[in-house]
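build me a model:
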Amino acid sequence: MVFSNVVFLFLFLPAVLFLYFLIRTELRNILLVVFSLIFYAWGEPTYIILMLISIFINYIFGLLIDRFQAKASLKKLSLTLAIICNLLILGYFKYANFLITNINELFNTSIVLEPIALPIGISFYTFQALSYLIDVYRKNADVQKNVLHLALYISLFPQLIAGPIVRYNDIDQQIRTRIVTYNHVVTGVKRFIIGLAKKVLIANQMGLVADEIFSMSPDSMSIGLAWLGIIAYTLQIYFDFSGYSDMAIGLGKMFGFDFLENFRYPYISRSISEFWRRWHISLGNWFRDYVYIPLGGNRVSSFKVYRNLFIVWLLTGFWHGASWTFMAWGLYYGLFIALEKAGLSRLLSKLWRPLQHSYVLIIVIIGWVFFRADNFMYSFEFIQTMFAGNSTVLIDRTAQFYLHEYWYVYVLAIVCATPILPFLQEKMEQAKIAYISAFIKPIYYGLIFILSITYVANSTYNPFIYFRF
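Numbers count the residues shown, from 1 in each chain. Next up, the predicted model:
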């Protein structure tokens, strides 16, 4: 089940909200666990067993780590075994087919492994479980002795399938006790509506264009068509992912949880390092705190600093999917971040601001080609077409068609990918016309919600980009 699904919007969410505010406060966590497991089991009930196994394993290992706090060797062994168990589960479901395929190609073998379906959200909830165990090990968080509370942390449906990756010590107290106010609910509803609109009104529209163009052969495209395709995907992936994060944060608010922000207008960045401080913030923070810093971070020799960077970015690429193109995508960003650390950032800071933004956008857009394409051959051919390597035709009839049919979506998406609208809203309030804003806002959110619901009800195109994560 996904948030932009009719069943979720008209059945699941109203039911859980109604019951949540109907029952006694001390029963609310039980209710959320039950509904979270139903939510997860909706598409494939058998994977609920995997979720329960993950909860049980991490509960037991958390207790063991806490029990052996005074015995360093046993404490470290418990954490090591816990990490191995979690990574083995993730590795089997996410990477086993990839591994067998590459072994067969490398050694000319014929090992047969039936395709393994990837449980939705397994990377997200595995990383959350690991952060809990590592924080207990480091004494940055108290062990959770109530298995229901840990189950709620791992399975909580707002952030279960697409993040943000919530750290245990950020919501530990909220799991134990929280007060849901009227402002919480109103803020949550507004945030959810904005996220839903991002997903169905912008991301899905851009996704249609991207899917159709990327289904074509690059050598048959015009230069303009290739750029329209990758810009559509660049906008799709941002509004799809940030839209889901907005919906997750909004849903969390409705139930009394405060999740941290996951996106801060990344496409306005002026360096690649800044881009990754604004894009998928929870994942970047996770790798920084649990991989980069333990490897030594910036506190080691220059060689080791760059080694650490490339390890982190190789793992970041691999986390996104079982494919060489994902790993190349990760190393691609690792290279530019290393170059910026080596001195490129000082050079960039002296450039005219539009040139800084242009540098980031070009690098990011090229990176998305590797992320979107199924293989390297297609990626390189597509990039060649973008830069006139396969075609000298700037605009063909197909490109003209997409420009004519979708120009308004491109314009809307580009505007909404910047903080222009929040800036205008702030100026209205500073101009002491907040009463106008107070009158317009309910109409604004109401219209957006009606448009989004209309689209959900009438469209059969509702892709979920992050199914493979």
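
grab the longest helix from the chain for me.
helix 72-107 (DSSP state H).

average model confidence for that one?
For helix 72-107, mean pLDDT rounds to 93.

name the helices or strands packed onto that helix?
Judged by 3 or more Cβ pairs under 8 Å, 6 or more residues apart in numbering; DSSP states H and E, the packing partners of helix 72-107 are helix 47-67, helix 122-137. Heads up, the C-betas are built off the backbone N, CA and C, glycines and all.

looking at these, which is buried most?
Compared across those, helix 122-137 shows the largest average neighbour count, a mean of 24 (mean count of other Cβ atoms under 10 Å).

count residues in the vicinity of Asn102, would you?
For Asn102, the count of nearby residues is 13 (other Cβ atoms under 10 Å).

with Tyr359 instead?
When counting by other Cβ under 10 Å, one arrives at 18 neighbours for Tyr359.

now it: which helix or strand?
According to DSSP states H and E, Tyr359 maps onto helix 353-372.

so how far is that helix off the chain centroid?
19 Å (Cα atoms, centre = their mean, to the nearest Å).

for the remainder of this discussion, apply numbering that starts at 55.
Shifting the count to begin at 55 puts that one at helix 407-426.

buried stuff in that helix?
Across helix 407-426, burial judged by 16 or more other Cβ atoms under 10 Å covers 410-411, 413-415, 417-426.

and for stretch 322-339?
Buried residues in stretch 322-339, counting neighbours by 16+ other Cβ under 10 Å, are found at 322-330, 332-339.

what are the C-alpha coordinates of that stretch, in CSV please?
Output of stretch 322-339 as CSV, limited to C-alpha atoms (Å, rounded to 0.1, in the frame of the first residue of the first chain):
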residue,chain,number,x,y,z
ILE,A,322,19.1,25.4,-5.5
SER,A,323,22.5,24.2,-4.3
ARG,A,324,25.8,25.8,-5.4
SER,A,325,28.0,22.7,-4.8
ILE,A,326,27.6,19.0,-4.9
SER,A,327,28.5,18.8,-1.2
GLU,A,328,25.6,21.2,-0.5
PHE,A,329,23.3,19.2,-2.7
TRP,A,330,23.8,16.2,-0.5
ARG,A,331,23.3,18.2,2.6
ARG,A,332,19.8,19.0,1.2
TRP,A,333,18.9,15.8,-0.6
HIS,A,334,17.7,12.7,1.4
ILE,A,335,19.2,14.2,4.6
SER,A,336,18.4,11.3,6.8
LEU,A,337,20.4,8.9,4.6
GLY,A,338,23.3,11.2,4.4
ASN,A,339,23.3,11.7,8.2
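
so for it, mean pLDDT?
Stretch 322-339 comes out at a mean pLDDT of 96.

wait, Arg221 sits on Leu184?
No - the pair formed by Arg221 and Leu184 falls short of the contact definition of Cβ atoms under 8 Å, at 10.6 Å.

I'd like the distance between Thr370 and Thr180.
In this structure, Thr370 and Thr180 are 15 Å apart, going by Cβ to Cβ, to the nearest Å.
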